[in-house]
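1. pasting a predicted model and its sequence here:
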Amino acid sequence: MKKFRKVLDGLTTSSPVNTGGSPSCGSAAGTPTAAPTPRELEIQETLVSENFQICKTVRHGFPYQPTALAFDPVQKILAIGSRSGGVRILGRPGVDCYCQHESGAAVIQLQFLINEGALVTACADDTLHLWNLRQRRPAILHSLKFNRERITFCHLPFQSKWLYVGTERGNTHIVNIESFILSGYVIMWNKAIELSTKTHPGPVVHLSDSPKDEGKLLIGFESGTIVMWDLRAKKADFRIYYDEAIHSVSWHHEGRQFMCSHSDGSLTMWNLRNTAKPFQVTFPHGKTPRDSRKESCKPILKVEYKTCRNSEPFVIFSGGLSYDKAGRRPTLTIMHGKAITALEMDHPIVEFLVLCETPYLNEVQEPYAVAVLLEKDFIVVDLTQSNFPIFENPYPMDIHESPVTCTAYFADCPPDIIPALYSIGVKHKKTGYSHKEWPLSGGTWTLGSQTYPEIIITGHADGSIKFWDATAITLQMLYKLKTSKVFEKPKGGEVGRSAELVEEDPYAVQMISWCPQSRIFCVVGISAHVILYRFSKHDANTTITSLEVRLQCEMEDVISPSDTENTPCFSDPSGHSPQAPSPRSTTPDGMRDSVPCLKVKDRAIRMPPGYQAELVVQLLWVDGEPPQQITSLDLNSAYGLLALGNCNGLAVVDYLQKTVLLCMNTLELYGSADPFQRLTRSPRKSRQSTSGLTELSDNQVSLDLERSKSPTSDHVNGHCTSPTSQPCAAGRPRVPGGPEGPRLGRRGPGRPPFRKAQSAACMEVSLPVSSLTEESRENSFSRSRSSSVSSIDRDTKEAVTTLQFGESYGRKSDALPTPCLWVGTSLGLVLLIPMSIPTDDQERLEEPVTIAPTGSVLTLKGSVLRFGFLDCSGAVIQSPHEVWRDPQASEDPERQRRRKLVNFSPLSSQEACGEGHLAVVCSERQATVFLMPSQARLYVHNITESSFVLRADVVSVCNSVCLACFCANGHVMTLSLPSLRPLLDVNYLPLTDMRIARTFCFTNGGQALYLSSPTEIQRITYSQEMCDNLQEMLGELFTPIETPEAQNRGFLKGFFGGNTQTFDREELFGEAAAGKASRSLAQHIPGQAGMEGMKAAAGGAVGDLARARIALDERGQRLGELEERTALMMASAETFSKHAHELMLKCKDKKWYQF
């Protein structure tokens, strides 16, 4: 614990603050700055660098671009490989592990060492890896890099330590799993085929040992050649040459016949007694026309042939559809006896596996499910029911159901919010799932000791919102909300209106704001609209109130004195006054004007329980130009206010009275307090010959500066209240836009068009809009600008980048805190707007809220990103909020319903903040701590000079508070508060995609998340405490399970040759018999687990002692099995001896001719 004492009187530093512009400060630590104060500020900081460490915790969602699938039938865990080199291992709910190959090469095949706690991965860089799954965080034990041949197929027999590896050249190599060294035994392609064959058989596409004889290896080549190789004799038993290319092979469990799938959509059955031709050829989806020519079909990419004890065998395959049926969806076909069922899939099939009861290939398989890996989904089909239903997936595989456009993360939520959301969402769950339990039941997982309610909210391109329960590193969907239901569906001729604004997805969610305490929820859409929702457990039949805001600049060339003297801030926006224009109007030249992008339903609609829309705020078109996207939003449930801003200006809405309180251009907010003394001008003056992203020329700018005057220089300094000085009539919305209203903010020339929601629909204004190069950043209004007037004036817009309501001091002379709105802009300016809000419930609904945009202006370097407030002891000041009450609950009509507010009363404010408070302001470049109300800069820290901050949040960690930042260069930083000492600076994640910048967010408890791929959410922690406890929170992938015994086939059946033949692979493939492989063929690479893997393994429940105990248990089990088998062999030998003795006595006295 370090104690910081700061005496501000007369203190001088080496880096004083520049009063006229941005402060210059050191980059190593928060620099104290000279500021007069009458007292001594004493704050104890408890956070040190040892409290921070960054690591990944868990990854949720569907593996992006999957390539491979594997299943362990004993452990009942499943692995999925991806094109980026990732491996997801899934078991029972809660058992979800992500591994990543450092090379990033695509995973082409996966092979479990069944019931051994290990996994072999074959990657596209021709490297084999052996993963240890007996620790909570799997690690690579060995790697083997092939140098001269490309890997195409791998096969590992059950309970074998020798892995068969087929290559593109047609050769088959053998790898020892224990040492990961190549055997000298090689099956060369020219030895496998006949010498008379003139063509190369192609790559190896299949390897499998015969269920009847492990000494026989079936090799399938792509060209259609099949070879049964005798491993002992080192020669081919038989060869099959078929005209069609082979994709897969599957054995019958007795080992007497097998099935092949081919490129022409056919299935062939082969009998080992006669390999000259297949005894059965079928085209499951092909029709036979009258001319007897077979119909061309698509390839059958894979087939599985599984037998059952009490029914016909299953033949399951993917593909094989006829080419003439265009537009048909990908199909998984299940043939059971004479019944053929085609299951159509929503996405192409990547791989499928049939899950069987036994791991032994020479036993009746008894399939019970099919795991199907699709390009964008993962499903499991129940084979035990005739209608083949699918299992309900317990993993959150549908995060990407519609592309994710924004995220929000809330830790330590109110404990009642998750049950409330779940109780509503469970009513809308899909039905028709299998009633059986999820078949992937492997691993163990227990709820950690340190858990608290966590919620993740995702916004999507189709306008939907999903609430997820993220408690204890799991993820389960609670509730889904569709914002598109608020709007009318466009009809015929109206379709093009929103299409002009957004190419597609006009409802895409751009930003969300949620107050968990009051359960009020706000959504910002890409079509420049804001929807406010309230939560209710009861359904309702109400009409949604719509407010329309004209937030664009359209000042005339010459502004007369009457324009500035007589223009009130607002007019009656109801549209019923004779002076107000129609809200659906067009200009004389046919351009759209005063029209929103979407039409809100104007009739009473039924709203089910859950979040119910109450208010919609829409920005309007002006003279045929669409409104700019909303870049900042904040709501406060105690104040009943909602603030939104974009690159034109700021609007404040009273959602209790359904009125617009403030609608002003950004420059008008400053008035005479503008530190740059800019002049408002119309960006429309030079529009005649501009297009694309053309900037205004210097001459045009100077011309505009000379011809324009500020129309708000008089009335800005006055108090702006609700439209008119009278209370608003109930149910009568007020919207600015009448002839007396100010005509504000129209976009400048060459406004870039809206983009698709999937790419960058939700880019905040603080982010670069094109790329991360410095050149492109200089052309975006999110850059850090110079404080010179000339550079400022070349920017046609100053965007509102962040907003925050709170109890603060709007002026230096204020003695007590009042409700204030903090406004941050893209030029690094901070504006404080004080407000006067009635405290009585009845007065609050009737009396107007007074807003005075005459507050103070603070300056920083770079676009302002975040505000935070601390009391004089260094603790976070929570924003005032309203306690949730059900708006649709039936109560006594005579009893007046009162709003219960927290942290919002003059008395409590005076007691809590009477001595002032600290304001933390973070921009793209620097962080600053101000002392309010004196506005003295206590500490300044330059976060970065070469990059810029993308996300910053004031968060609580280890019972203290810090500032967490994520920069575009990939650095994650934490700074102490209020002294801004660097505590953590890790180059964690290079920004390779705007998706990361758009979705990265911090939360309390030392956690953060981002969208690591279009389908996956990656959660990380920067807390050392959570890193230490992570081992307890993760699930165990491996659990000691006794390997099921092979079926006893009986003595006589085995005696007469019906039993499976076994052989010693060590004798054939070992170094003594086969010699050493060429060193140049493959290179052995030791695993990277090292001490980290040992620490991770020792940190969990399965440490060294636990693993030793498990090893002893397994050894005891094996010894017991050996003893039982020995006793069984002795009993069989005694039985044989007895029968032989009886036969000898019976035949002893017979002559030779009597037999």
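-> All right, it came through fine.

2. just confirm residue 120 is within a strand.
-> Yes: in this structure, residue 120 lies within a strand as judged by DSSP: H, G, I helix; E, B strand; the rest coil.

3. state the number of residues packed around it.
-> As a burial measure, the neighbour count of residue 120 was computed by other C-beta atoms under 10 Å and equals 23. No exception for glycine: its C-beta is placed from N, CA and C like everyone else's.

4. for it, which non-adjacent residue is closest in space?
-> The spatial neighbour of residue 120 that comes closest, neighbours along the chain excluded (C-beta to C-beta, 6 or more residues apart in numbering), is residue 111 at 4.3 Å.

5. now the helices for the stretch 551-700 of the chain?
-> For the stretch 551-700 of the chain, applying DSSP state H, counting those that start in this stretch gives helices covering 561-565, 666-670, 698-707.

6. what mean pLDDT does the first one get?
-> The predicted model gives helix 561-565 an average pLDDT of 37.

7. now do stretch 57-77: distance from first to last residue.
-> In stretch 57-77, first residue to last residue: 20 Å (C-alpha to C-alpha, to the nearest Å).

8. one step back: give me the number of residues near the residue nearest to residue 120?
-> The number of residues packed around residue 111, counting by other C-beta under 10 Å, is 21.

9. distance of it from residue 340?
-> Look at residue 111 and residue 340: by C-beta to C-beta, to the nearest Å, they are 31 Å apart.

10. can you tell me the closest non-neighbouring residue to the spatially most central residue of the chain?
-> Taking C-alpha atoms, centre = their mean, the centroid of the chain lies closest to residue 1017, which sits 2.5 Å from it. Leaving out its chain neighbours, the residue that sits closest to residue 1017 by C-beta to C-beta, 6+ apart is residue 60, at 4.6 Å.

11. so how many other residues sit close to that neighbour?
-> Residue crowding around residue 60 was assessed by other C-beta under 10 Å; the count is 24.

12. with residue 677 instead?
-> Number of residues near residue 677 (other C-beta under 10 Å) recorded here: 10.

13. now do residue 506
-> With other C-beta under 10 Å as criterion, residue 506 counts 24.

14. and it, what are its phi and psi?
-> Residue 506 adopts backbone torsions of phi -70, psi -10, taken as degrees, to the nearest 10.

15. residue 922 and residue 951 touch, don't they?
-> No: no contact is recorded between residue 922 and residue 951 when judged using C-beta atoms under 8 Å, the distance being 9.6 Å.

16. so what sits against both of the two?
-> Taking C-beta atoms under 8 Å, 6 or more residues apart in numbering as the contact rule, the neighbours common to residue 922 and residue 951 are 865, 965.

17. those two - which one has more neighbours?
-> The neighbour comparison of residue 922 against residue 951 (other C-beta under 10 Å) goes to residue 922, with 30 against 25.

18. OK, contacts around the nearest residue to that one once chain neighbours are set aside?
-> The shortest distance from residue 922 to any residue that is not its chain neighbour, by C-beta to C-beta, 6+ apart, is 4.0 Å, and that residue is residue 952. With contacts taken as C-beta under 8 Å, 6+ apart, residue 952 has the following neighbours: 865-866, 922, 927, 963-966, 1002.

19. switch those over to CSV; also include pLDDT.
-> Shown next, in CSV, are the contacts of residue 952 (pLDDT from 0 to 100):
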residue, pLDDT
865, 96
866, 96
922, 97
927, 97
963, 97
964, 97
965, 96
966, 95
1002, 96
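
20. closest one of the residues you listed to residue 121?
-> Using C-beta to C-beta, the shortest approach to residue 121 within the contacts of residue 952 belongs to residue 966, at 31.2 Å.

21. in three-state terms, how would that closest one be classified?
-> Three-state secondary structure (criterion: three-state DSSP) places residue 966 in strand.

22. so which strand or helix has the residue lying closest to it once chain neighbours are set aside?
-> Using C-beta to C-beta, 6+ apart and skipping the chain neighbours, the partner closest in space to residue 966 is residue 951 (4.5 Å). When secondary structure is defined using DSSP states H and E, the element that contains residue 951 is strand 949-957.

23. can I get that strand in PDB, CA atoms only?
-> These are the backbone C-alpha positions of strand 949-957, laid out as PDB (Å, rounded to 0.1, in the frame of the first residue of the first chain):
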ATOM      1  CA  VAL A 949      -6.600   4.800 -27.300                       C
ATOM      2  CA  LEU A 950      -9.600   2.900 -28.600                       C
ATOM      3  CA  ARG A 951     -11.400   2.100 -25.400                       C
ATOM      4  CA  ALA A 952     -11.100   3.400 -21.800                       C
ATOM      5  CA  ASP A 953     -13.100   2.600 -18.700                       C
ATOM      6  CA  VAL A 954     -12.900   3.500 -15.000                       C
ATOM      7  CA  VAL A 955     -13.200   0.000 -13.400                       C
ATOM      8  CA  SER A 956     -13.000  -1.500  -9.900                       C
ATOM      9  CA  VAL A 957     -10.300  -4.100  -9.300                       C
END
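
24. ok now it, how far from the chain's centre?
-> The offset between the C-alpha centroid of strand 949-957 and the centroid of the whole chain comes to 19 Å, using C-alpha atoms, centre = their mean, to the nearest Å.

25. list the neighbouring strands of it plus their orientation.
-> The sheet places strand 949-957 alongside strand 960-967 (antiparallel), with pairing taken from DSSP bridges.

26. how about residues contacting the strand it pairs with?
-> Counting by C-beta under 8 Å, 6+ apart, the neighbours of strand 960-967 from elsewhere in the structure are 45-47, 868, 870, 874-876, 920, 922, 927, 943-944, 947-955, 971-977, 980, 983, 1000, 1002, 1008, 1022.

27. can you tell me which of those are classed as buried?
-> The neighbour-count test (16 or more other C-beta atoms under 10 Å) applied to these identifies 45, 47, 868, 870, 874-876, 920, 922, 927, 943-944, 947-955, 971-977, 980, 983, 1000, 1002, 1008, 1022 as buried.

28. list the buried residues of stretch 61-70.
-> Of the residues in stretch 61-70, those with enough neighbours to count as buried (16+ other C-beta under 10 Å) are 61-70.

29. what is the nearest of these to residue 279?
-> Proximity of these to residue 279 was ranked by C-beta to C-beta; the top entry is residue 69 with 30.8 Å.

30. quick one: the closest one from residue 80, how far?
-> Residue 69 sits at a distance of 6 Å from residue 80 (criterion: C-beta to C-beta).

31. between these two, what contacts are shared?
-> Residues touching both residue 69 and residue 80 comprise 110, 373, with contact defined as C-beta under 8 Å, 6+ apart.

32. the closest residue to residue 797 other than its chain neighbours - how many residues pack around it?
-> Taking C-beta to C-beta, 6+ apart as the measure, residue 797 lies nearest to residue 647, with 4.0 Å between them; neighbours along the chain are not counted. Other residues within reach of residue 647 by the criterion other C-beta under 10 Å amount to 26.

33. residue 647 contacts residue 825, doesn't it?
-> No: the pair formed by residue 647 and residue 825 falls short of the contact definition of C-beta under 8 Å, at 9.5 Å.

34. any shared contact partners between these two?
-> Residues touching both residue 647 and residue 825 (C-beta under 8 Å, 6+ apart): 666, 798-800.

35. which among the residues you listed gets closest to residue 160?
-> For residue 160, the closest of the shared contacts of residue 647 and residue 825 turns out to be residue 799, at 64.7 Å, with distances computed as C-beta to C-beta.

36. verify the stated contact: the closest one with residue 823.
-> No: assessed by C-beta under 8 Å, residue 799 is found out of contact with residue 823, at 10.9 Å.
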